[in-house]
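*Asks:* Following is a predicted model, sequence given first.
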Amino acid sequence: MEFLEGKAKFIESWGKMASDWGINRTMAQVHALLLIAPEAMTADQVMEELDISRGNANMNIRALMDWGLVHKQLKSGERKEYFFAEKDMWTVVRQIIINRKKRELEPMIKALDEIASVEPLTPESEHFCEVVQDIRKFSNKANQTLDTLIKAESNWFTNMFLNMVR
């Protein structure tokens, strides 16, 4: 496989993987492009490389910056902004976990906490309360596990993962 074919396949695959997780495909493709770029790129270069509009490029670069996955770089003597992706994969994974947790898990836990005030006065409401309580326990345990993972160092996680696989 030649370099350009491999690069295109990587960007396509990264976008597909992210869309399977519910993340915007173009946002993931911009991230993939910046992740494998040897140097920071301008929004114009991203637009050209991925054949997307200026608005699409800018919106997705800003979203990636909000996620902490892409950073802005200014080059002296140039007016254009350059962007580069975080290359440390542990940091990338951690940032994704932090953002997904904040956007998905924490609102669900908040809703479950509110729903937990339902009184189990009938057999149907009793069943409802049991199910909600089980989901709430699982969600809180998942939240604690993710907090531990976020605070962990990369070598701790790698060692733990390798031990689980063995």
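*Replies:* Happy to help now that I have it.
*Asks:* So for the residue nearest to residue 27 when sequence neighbours are not counted, what's the pLDDT?
*Replies:* Leaving out its chain neighbours, the residue that sits closest to residue 27 by Cβ to Cβ, 6 or more residues apart in numbering is residue 60, at 4.3 Å. The way it works is simple: take the backbone N, C-alpha and C, and place the C-beta from them, glycine included. Per-residue pLDDT puts residue 60 at 97.
*Asks:* Touching, residue 60 and residue 30? I think so.
*Replies:* Yes - using Cβ atoms under 8 Å, residue 60 is in contact with residue 30, at 4.5 Å.
*Asks:* so what sits against both of these two?
*Replies:* Residues touching both residue 60 and residue 30 (Cβ atoms under 8 Å, 6 or more residues apart in numbering) are residue 52.
*Asks:* ok, those two, which is more surrounded?
*Replies:* residue 30 (32 against 23; other Cβ atoms under 10 Å).
*Asks:* contacting residues for that one?
*Replies:* Going by Cβ under 8 Å, 6+ apart, residue 30 touches 46, 50, 52, 57, 60, 61, 64, 70.
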